[in-house]
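> whatever this is, show me its structure:
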Amino acid sequence: MLTVEKITDRIIKHSVGEPRERSNDTLKCGSESMSVSRVAVCFVASVEVVRKAIACGAEMIVTHEPTWYNASDEFFEWMEADTVQREKRQLIEDSGLAVWRFHDYMHAIRPDLIDVGVVEEMGWSDFRIEGSYKRFRISEQTVADVANALKVALNATCPRLVGDPDLVVSQVAFCAGAPASRSQIQALRDESVELLVGGESREWETVEYVRDAVALGQRKAYLILGHSASEEGGMKHAASWLRRILPEVQVEYIESGDPFVAV
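Numbering: from 1, shown residues only. Below you'll find the model as predicted:
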């Protein structure tokens, strides 16, 4: 039986080789010396996911996104008395679960495991341009058709669009999660790119760039899937990857699901 420490060491070794001096991928709850026979893999360790992990007998959760509502998983002083954070932490501690984040090291793998998994879920693996997981040439179709197909494939409950839903496109760029607007805008600056499919961005950055581009007569559109919808497929893929490098333990994938509902 492996310990938490041995599991995280092996993940890091197979990701980037050596631990980095600075990383958000640290243990959020539990002890490194804990023995583990079953690992639950998820996009975010929500209360619902934690309860499912407990129910399936997991001793450890490997999550992609923060557990404590900020990028570095810090317990800020202004949150010390917060009932949501306190009760969630109590739930995890009472269960004896260890929670470790797999974010920075995961995105450092080439090709990025998140991109590989999401593109597989999208059904776009055969449409990659020159092997890239960021550029695609799909059959000509309207942006609305693309949106409807991805809504189903990625279980995206509330995708949003900037641009004309009737615009016919074939050249698509993909930016999962919430990268800096610079990378999104640089993708759109490629004259061949007609549609950007992404997770999220500040609304006064890429969103307004695309709105202005359309007003200036450019054939551009931006489909916003939501952060979780644009990355969760990558964690499903990561579960398979972890099974290969951790044959001694059971690895269970728990879907976090899109947090939004249409109203």
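
> what about the residue nearest to the spatial centre of the chain, which helix or strand?
Closest to where the C-alpha atoms of the chain average out (CA atoms, centre = their mean) is E231, at 2.9 Å. For E231, the host element (DSSP states H and E) is helix 227-245.

> give me the contact list for the very next helix or strand once past that helix.
Counting by DSSP H and E, the next helix or strand C-terminal to helix 227-245 is strand 250-253. Residues outside strand 250-253 that contact it (CB atoms under 8 Å, 6 or more residues apart in numbering): 37-42, 53, 56, 58, 235-236, 239, 242-243. Quick note: C-beta positions are derived from backbone N, CA and C, even for glycine.

> most widely separated two among the residues you listed?
Maximum pairwise distance in those, criterion CB to CB, is 21.4 Å, between S37 and K236.

> would you mark the buried spots in stretch 25-38?
D25, L27, K28, C29, G30, M34, V36 (16 or more other CB atoms under 10 Å).

> now do that stretch, average pLDDT.
Averaged over stretch 25-38, pLDDT sits at 97.

> pull up the distance across it, start to finish.
20 Å (CA to CA, to the nearest Å).

> now stretch 163-180
Note: stretch 163-180 ends 20 Å apart using CA to CA.

> how far does it sit from its chain's centre?
17 Å (CA atoms, centre = their mean, to the nearest Å).

> now do stretch 154-165
Using CA atoms, centre = their mean, the offset of stretch 154-165 from its chain centre is 17 Å.

> please list the residues outside that stretch that contact it.
Under CB under 8 Å, 6+ apart, the answer for stretch 154-165 is 118, 121-122, 142-144, 147, 150-151, 195, 207, 210-211, 214, 220-226, 229-230, 232-233, 255, 257-258, 260-262.

> quick one: buried residues of stretch 89-106?
So stretch 89-106, judged by 16+ other CB under 10 Å, has buried residues R89, I92, S95, L97, A98, V99, W100, R101, F102, H103, Y105, M106.

> so the first one is in which element?
It refers to R89. With DSSP H and E as criterion, R89 is part of helix 83-95.

> helices or strands up against that helix?
strand 27-29, helix 47-55 (3 or more CB pairs under 8 Å, 6 or more residues apart in numbering; DSSP states H and E).

> deepest in the core, which of the ones you listed is it.
Among those, strand 27-29 has the highest mean neighbour count (mean count of other CB atoms under 10 Å), at a mean of 20.

> what about the helices in the stretch 151-263 of the chain?
181-189, 206-215, 227-245 (DSSP state H, counting those that start in this stretch).
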